[in-house]
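> Okay, predicted coordinates and the sequence, questions at the end:
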Amino acid sequence: MQEVMNAPGDAARAAGCPVSAAVSAHAADPLDEIAHAIGPGPFAQLFLFLSPQADAEALAARAATLFPGTPVCGCSTAGEVTGAGYDEGQIVAFALPRRGFDVETLVIEGLDRLDTRALIADLLRARQSLGRRAFSRRHESAVLLVDGLSGQEDALVAALAGGLGPLPVVGGSAGDGKDFRRTRIIAQGRVLENAAVLTLLRSDCRVRPFSLDHLRPTEARMVVTRAEPHSRIVRRINDEPAAAEYARLLGLRPDQLSTYVFAAHPVLVRAGGRHHVRAIQHADPDGTLTFFAAIDEGLVLTLAEPQDIAAHLERELGALSAEAAPSAILGFDCIFRRIEAEGRQRGREVSEILARHRVTGFSTYGEQIGALHVNQTLTGLAFFPPEEPR
């Protein structure tokens, strides 16, 4: 068993701060080991991030009996982030003690047929219920886990924004390793697809949302001239076949395009006064490009230039500790960041930085911050011990 305790563990637990653990997906009874590692609780919420090697159905059923009275939700991953940094083949638990948290969970099914009005009504009822139960807890936030192959993240976060307003919300899109075949959401003892689960939090712990990337815009721009927005497919760029034109701008042939090339050379769109990544999932045999996020005709894309991923990560995570060190960080790290780091021989260094700053979470197929679905970021919540009463 690999135990990942937030330092200092006893003090964090006593203050009601999150605690975490990770065990092998191949353990005889991984949830029993997790229960032993995180302690008796009680817990307001338990997040589980599962390697694709794990038996999600069996774990969902086991969790319902092993943690009675505790809401359990989670998802499959494209890799895990544990006390060892980047990891594989693990089940990661991130638990919110009842001493420091109250939660309300909203399961959202049928993402391809969202009823926005009904969703906002359900969301407002959930927020009101949580507010009545936990009015004395000062800090609010929300965590969203969503099917990473649904293609509906953009529509979902836009719909949720109508009921969340300025409430800080972060999230991650469930993964399936590097296979891109099947992603799963766990909620209420069930395993779901084409679904999402939103957890509303009120806490005594101070919470700071963040989203960071190490990419800068270049002068190289292109225009999407033919696309299928519903499927995130771009057929033509600058009125040329999309894959060929993207490759030409990089000085490559179309047959040289690869997952690493897409990770190392993403494109950016400008929105809300800043650039956001639009990561390319793959090139298709017909010369089209499939993206991880919303794309449309007329959109101006800018080629990105990466900074040093390790140095940037150290600097940004260090800034979170400028006044006080977080007791825990829940992180959603895009799979393409891991692919790029490994491709540039910086994987071990990035992994060590994540471990040193106590980041726990998983590698995603996309991230959510506020009303935006983004790619190639590390997005999450930093939790700080409650302030001492004056």
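Thanks, I have the structure now.
> And the helices in the stretch 151-300 of the chain?
153-164, 242-250, 259-264 (DSSP state H, counting those that start in this stretch).
> Out of these, flag the one nearest residue 284.
helix 242-250 (7.6 Å; C-beta to C-beta). In short, each C-beta sits where N, CA and C put it, glycine included.
> For that closest one, name the packing helices and strands.
On a contact count with 3 or more C-beta pairs under 8 Å, 6 or more residues apart in numbering; DSSP states H and E, helix 242-250 meets strand 215-228, strand 233-237, strand 289-291.
> Please name whichever of those strands is nearest to residue 144.
strand 289-291 (19.8 Å).
> average pLDDT for that closest one?
Strand 289-291 shows a mean pLDDT of 96.
> Pull out the buried residues from the top helix by length along the chain.
Ranked by residue count and defined by DSSP state H, the top helix of the chain is helix 116-133. By 16 or more other C-beta atoms under 10 Å, the buried positions in helix 116-133 come out as 119, 120, 122, 123, 126, 127, 130.
> right, and out of the residues you listed, which lies closest to residue 101?
The closest of the buried residues of helix 116-133 to residue 101 turns out to be residue 130 (C-beta to C-beta; 10.5 Å).
> Who's the closest spatial neighbour of that closest one, skipping the chain neighbours?
Leaving out its chain neighbours, the residue that sits closest to residue 130 by C-beta to C-beta, 6 or more residues apart in numbering is residue 104, at 4.0 Å.
> Now do the helix or strand hosting the one you found: distance to the chain's middle.
Under the criterion DSSP states H and E, the helix or strand holding residue 104 is strand 101-109. From the chain centre to the centre of strand 101-109 is a distance of 17 Å (C-alpha atoms, centre = their mean, to the nearest Å).
> partners of that strand in the sheet?
Here strand 101-109 has these sheet partners by DSSP bridges: strand 195-203 (antiparallel).
> residues near the nearest residue to residue 82 once chain neighbours are set aside, how many?
Spatial nearest neighbour of residue 82, excluding adjacent residues (C-beta to C-beta, 6+ apart): residue 22 at 3.9 Å. Look at residue 22: counted by other C-beta atoms under 10 Å, it has 27 neighbours.
> Downstream of the one helix or strand residue 303 maps to, the next helix or strand is which one?
Residue 303 is part of strand 300-306, with elements assigned from DSSP H and E. Counting by DSSP H and E, the next helix or strand C-terminal to strand 300-306 is helix 309-320.
> re earlier: name the helices or strands packed onto the strand or helix carrying the residue nearest to residue 82?
Here residue 22 sits within strand 19-24, counting by DSSP H and E. With contacts taken as 3+ C-beta pairs under 8 Å, 6+ apart, strand 19-24 sits against helix 9-14, helix 30-38, strand 90-97.
> what mean pLDDT does that strand have?
96.
> Point to the residue nearest the middle of this protein.
Central residue of the chain (C-alpha atoms, centre = their mean): residue 172, 2.2 Å from the mean position.
> For it, which non-adjacent residue is spatially closest?
Nearest non-adjacent residue to residue 172, counting by C-beta to C-beta, 6+ apart: residue 332, 3.2 Å away.
> Which residues does the helix or strand hosting that neighbour contact?
When elements are assigned from DSSP H and E, residue 332 belongs to strand 328-334. Here strand 328-334 makes contact (C-beta atoms under 8 Å, 6 or more residues apart in numbering) with 6, 12, 17-20, 47, 81, 94, 143, 170-172, 279, 317, 320, 354, 357-368, 375-383.
> mean confidence for that strand?
97.
> Give me the distance from it to the chain's centre.
7 Å.
> Tabulate the CA atom coordinates of that strand in CSV.
This file holds the C-alpha atoms of strand 328-334, laid out as CSV (Å, rounded to 0.1, in the frame of the first residue of the first chain):
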residue,chain,number,x,y,z
ALA,A,328,-3.6,19.6,0.4
ILE,A,329,-3.9,20.3,-3.3
LEU,A,330,-6.5,18.6,-5.5
GLY,A,331,-5.2,18.7,-9.0
PHE,A,332,-6.5,17.9,-12.5
ASP,A,333,-3.5,17.6,-14.8
CYS,A,334,-4.0,17.3,-18.6
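> Can you give the strand pairings for it, parallel or anti for each?
strand 359-364 (parallel), strand 378-384 (antiparallel).
> How many residues are close by residue 270?
Neighbours around residue 270, by other C-beta under 10 Å: 13.
> Just to check, it is in contact with residue 302?
Yes - with contact defined as C-beta atoms under 8 Å, residue 270 reaches residue 302; the gap is 7.4 Å.
> re the thing from before, let me know the pLDDT of the residue nearest to residue 130.
At residue 104, pLDDT is 97.
> wait, it sits on residue 132?
No - using C-beta under 8 Å, residue 104 makes no contact with residue 132, being 10.2 Å away.
> Would you mind listing the buried residues in the strand holding residue 104?
Residues of strand 101-109 classed as buried by neighbour count (16+ other C-beta under 10 Å): 101, 102, 103, 104, 105, 106, 108.
> For it, which outside residues touch it?
Contacts to strand 101-109, defined as C-beta under 8 Å, 6+ apart, come from residues 16, 44-45, 71, 73, 96, 114, 119, 122-123, 126-127, 129-130, 133-134, 137, 156, 187-188, 192, 194-205.
> Residue 337 in helix, strand or coil?
Classification of residue 337 using DSSP: H, G, I helix; E, B strand; the rest coil returns helix.
> Just the pLDDT for it.
Confidence for residue 337, expressed as pLDDT, is 96.
> any idea how far it lies from residue 343?
11 Å (C-beta to C-beta, to the nearest Å).
> Overlap in contacts, the two.
By C-beta under 8 Å, 6+ apart, the residues touching both residue 337 and residue 343 are residue 263.
> Looking only at neighbour counts, state which of the two leads.
When neighbours are counted by other C-beta under 10 Å, residue 337 and residue 343 differ, and residue 337 comes out ahead with 24 against 16.
> Distance check, the more buried one against residue 106.
For residue 337, the distance to residue 106 (C-beta to C-beta) stands at 28 Å.
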